[in-house]
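K.L.:
Need a 3D model of the following:
(one chain, ligands or ions: 1)
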Amino acid sequence: MERVGSGMTTAAWRVLRNEICDTIGENNYKTWIEPLNFARQSNDVAVFHAPTAFVGNYVRQHYGDMILAKLHAHVAGIRRLDFEVAANIAAQPSQAPVQQPAAAPAPKPAAQNDGLISAPLDPRFTFDNFVVGKPNELAHAAARRVAEGSVVTFNPLFLYGGVGLGKTHLMHAISWELRRNRPDLNVLYLSAEQFMYRFVQALRDRRMMDFKELFRSVDVLMVDDVQFIAGKDSTQDEFFHTFNALIEQQKQIVISADRAPDEIKDLENRIRSRLQSGLVVDLHPTDYELRLGILQSKVEAQRVLYPTLELDDGIVEFLAHRISTNVRVLEGALTRLFAFASLVGKPITMELTQDCLADVLRASQQKISIEEIQRRVAEHYNIRISDLIGPKRLRAFARPRQVAMFLCKQLTSRSLPEIGRRFGGRDHTTVMHGVKRIEELRMQDAQIDEDVELLRRALES
Ligand SMILES: Nc1ncnc2c1ncn2[C@@H]1O[C@H](COP(=O)(O)OP(=O)(O)OP(=O)(O)O)[C@@H](O)[C@H]1O
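P.N.:
Residues are numbered from 1 along each chain as shown. Predicted coordinates for the structure are as follows:
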């Protein structure tokens, strides 16, 4: 952008807005930046009119630094941004009306607009870009069903899973798809933190009736990271009422969290049971095949950025093996690898990969837990975990129990007494005996040997 002058003007803002649009993408731009109008420069402050306080605060929090940096580059003397609510301004005759740039539609009045503003959606988080594998196929199928926007079959849809496994990606994908399939629906996506923020703001501004009305007027409500409201009593209360009102009206609700409803501490029981009343689906940690699929699709994206760089299959497989279950870490590693190779002007070899990603590879070294081993073994032998660790001595439980103890000894750094404690408070000599027995049996019984090997590979993948 050419330098637009020493002070901030409406014309300068118009030019700057295009740059911001390139940076944050059209959707975010339309939601957050387009409704703003530059009002005036007051000393070192650039003052904007926003349709609602929420929009102003959101822009300040999420894009404030970026806007300031762009301003610094092109306009002298601005150190701070301020946002005034357009509705309040109208009552003040001293404020000159701000000229609207010809292309920008007039913002809707605050009360209509406020509730319909979704948090920004990431244009990359679509169903097309979501790689489906065994660990996430159910979550993906349920998300797809909701995204059709037809009859509400399960309400709420509760998606949960560990960090970076694609919960937010799926929620954004539902939102994008609904916008396409059912533009008539009001779809509201926001994080639980933003829900609380809007709630507190409505309390402070004495606009609770507006808040309630707006939240109850949406057709699809999606709340990300709901564990955030645990322990926050009045927010939980309001969430509960919003939730009930929407369910009663047969409006779809989608919730995500980092754990299952019954594992979220400090959540009121009535909310917990509400959250469990629809379809609860978890995104399992990625397995090797899914990581491979995700890497292959992300390599394609990197190739567009670095057309001269190649990544051979051996390295992709190495990364899928060695990097943790968290897809965000996997993506970050790939981005770093391509950027590094391009900066040093070298091809991507195994040596360069290990060098450039040494810290990530170290941090991702598998830490297999006793619970994970118990879960896998119980699944493999089709018995309940309670039977695996319980007192029953039936062979059908005792053998898998010994296999699980053997794997705990092999794959974790836990001591025998610790393992014993985690298997229903057994003595360390029982564990020692179990481990020995499996060592012997592996030599004599091909089936046991195969079971152990299968389980070990599954746990290490
Ligand atoms: N199956 C998948 N296919 C493609 N990309 C994926 C997949 N799963 C996750 N990702 C990518 O991994 C990154 C992290 O995903 P996302 O933000 O959805 O995780 P999350 O489960 O919401 O994590 P958090 O609990 O930290 O919020 C995103 O860039 C997302 O696109």
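
K.L.:
if I pick the residue in the stretch 51-200 of the chain positioned nearest to the ligand, what's in contact with it?
P.N.:
Nearest residue of the stretch 51-200 of the chain to the ligand (CB to the nearest ligand atom) works out as residue 166 at 2.9 Å. Just so you know, the C-beta spots here come from the backbone N, C-alpha and C atoms, and that holds for glycine as well. By CB atoms under 8 Å, 6 or more residues apart in numbering, residue 166 lies in contact with 130, 136, 139, 283, 327.

K.L.:
In those, find the pair that's most separated.
P.N.:
The largest separation in the contacts of residue 166, counting by CB to CB, is between 139 and 327 at 13.1 Å.

K.L.:
ok so, going back, now for the contacts of residue 166, which sits with the most neighbours around it?
P.N.:
residue 136 (27 neighbours; other CB atoms under 10 Å).

K.L.:
secondary structure class for that one?
P.N.:
At residue 136 the chain is in helix, as set by DSSP: H, G, I helix; E, B strand; the rest coil.

K.L.:
Skip the chain neighbours and tell me the closest residue to it.
P.N.:
residue 283 (4.9 Å; CB to CB, 6 or more residues apart in numbering).

K.L.:
in the sheet, who's paired with that neighbour?
P.N.:
Following DSSP bridges, residue 283 is listed with bridge partners residue 161.

K.L.:
Surely it touches residue 159?
P.N.:
Yes. The pair residue 283 / residue 159 is scored as a contact, 6.7 Å apart, by CB atoms under 8 Å.

K.L.:
which neighbours do these two share?
P.N.:
Common neighbours of residue 283 and residue 159 (CB under 8 Å, 6+ apart) are 139, 167, 170.

K.L.:
And the residues you listed, which is closest to residue 396?
P.N.:
Closest approach to residue 396 among the shared contacts of residue 283 and residue 159 (CB to CB): residue 139, at 32.0 Å.

K.L.:
centre of the chain versus the helix or strand that closest one falls within, how much separation?
P.N.:
Using DSSP states H and E, residue 139 sits within helix 137-148. From the chain centre to the centre of helix 137-148 is a distance of 16 Å (CA atoms, centre = their mean, to the nearest Å).

K.L.:
Assign residue 41 to helix, strand or coil.
P.N.:
strand.

K.L.:
that older thread, the helix holding residue 139 - contacts with which helices or strands?
P.N.:
Other elements packing on helix 137-148 under the criterion 3 or more CB pairs under 8 Å, 6 or more residues apart in numbering; DSSP states H and E are strand 157-161, helix 167-181, strand 252-257, strand 279-283.

K.L.:
what packs against the helix or strand hosting residue 70?
P.N.:
In this assignment (DSSP H and E), residue 70 forms part of helix 53-74. Helices and strands touching helix 53-74, by 3+ CB pairs under 8 Å, 6+ apart, are helix 10-24, strand 45-50, strand 80-85, helix 192-204.

K.L.:
want to throw these into JSON lines with mean pLDDT?
P.N.:
Below are the helices and strands packed on helix 53-74 laid out as JSON lines (pLDDT from 0 to 100):
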{"stretch": "helix 10-24", "mean pLDDT": "82"}
{"stretch": "strand 45-50", "mean pLDDT": "86"}
{"stretch": "strand 80-85", "mean pLDDT": "84"}
{"stretch": "helix 192-204", "mean pLDDT": "90"}
